[in-house]
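Peer 1: need the 3D shape of this:
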Amino acid sequence: MSKRYKQLVEKIDSTKAYALEEATATVKSLVSAKFDETVEIAMNLNVDPRHADQMVRGAIVLPHGTGKTVRVAVFAKGVKADEAKAAGADIVGTDDLVSDIKEGIFNFDVVVAAPDCMGLVGQIGRILGPKGLMPNPKTGTVTPDVATAVKNVKGGQVNFRVDKKGNIHAGIGKASFTEAQIAENLTSFVTAINKQKPASAKGRYIQNAALSLTMSPAVKLDVVALADIK
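Peer 2: Numbers count the residues shown, from 1 in each chain. Here you go, the predicted model:
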């Protein structure tokens, strides 16, 4: 453990579960890197994703964005292609975009698709899927309204999905954000998670949660308080 990291650890009470606002303030005090670190939330949910009715998945547009510049590729044609370009899409295409992806060209972070282009997207599903880039209606990335989808992604949309062990991890801002901005983004994210609680999930839904920076130790969050955020 480096001297820097030890100094950061000393700023955190490891026996304590922090309320949201105090956690935000503590994380802000942990800034130490020479770059604008990402504020990250990690959660463990009491769900079994092997059962379809317990798959927690969705998207939320954070009120203050993520602080990250996101490049968006859109599968659309005709009027929809024009709308996507007008909304700020970085790449818009059909067969040409499929060819680029097959050749390993990935100059984008998110893929959006109009429903009538999903046949094309299906051709490269085995390429996009493992990279987490496959468009999906549940995250708003398969939609007739491609313009709104592009604006949402550019404006700070965060997609979330539990892994096999019920974990969710997401970037919800930058260290340069104010405490209030981080707190509001965190509140919005937790609200979205709580709304996705499966009816079949028994017991405490959020088992563990922690807030951290890219290069910092984690601050444990009060999961009882998080459960009350609606």
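Peer 1: give me the neighbour count for Ala19.
Peer 2: Around Ala19 there are 14 other residues, counting by other Cβ atoms under 10 Å. C-beta here means a position set from N, CA and C on the backbone, and glycine is covered the same way.
Peer 1: relative to Gly65, how far out is it?
Peer 2: With distances taken as Cβ to Cβ, to the nearest Å, Ala19 is found 24 Å from Gly65.
Peer 1: now for the residue positioned nearest the centre of the chain: which residues touch it?
Peer 2: Centroid check for the chain by Cα atoms, centre = their mean gives Val158 as the closest residue, at 3.2 Å. Taking Cβ atoms under 8 Å, 6 or more residues apart in numbering, we find Val158 in contact with 59-62, 66, 170-172, 189.
Peer 1: how about it: which residues does it bridge to?
Peer 2: Ile60 (DSSP bridges).
Peer 1: ok, it to Thr139 distance?
Peer 2: The spacing between Val158 and Thr139, counted by Cβ to Cβ, is 10 Å.
Peer 1: where do the contact lists of these two overlap?
Peer 2: Ala59.
Peer 1: which parts of the chain are strands?
Peer 2: Secondary structure of the chain by DSSP state E: the strands cover 38-45, 57-61, 72-75, 91-93, 110-113, 157-161, 167-174, 206-213, 219-220.
Peer 1: which one of those strands lies nearest to Ser2?
Peer 2: Nearest of these to Ser2, taken as Cβ to Cβ: strand 206-213 at 14.8 Å.
Peer 1: tell me what that closest one is packed against?
Peer 2: Strand 206-213 sits against helix 20-28, strand 38-45, helix 179-195, strand 219-220, helix 223-227, with contacts defined as 3 or more Cβ pairs under 8 Å, 6 or more residues apart in numbering; DSSP states H and E.
Peer 1: name the surrounding residues that touch the shortest one.
Peer 2: Where contact means Cβ under 8 Å, 6+ apart, the residues beyond strand 219-220 that reach it are 12, 14, 16-18, 23, 26-27, 30, 208-212.
Peer 1: swap the cut-off to 6 Å and go again
Peer 2: Under the contact criterion Cβ atoms under 6 Å, 6 or more residues apart in numbering, strand 219-220 has outside partners 12, 17-18, 23, 26-27, 210-211.
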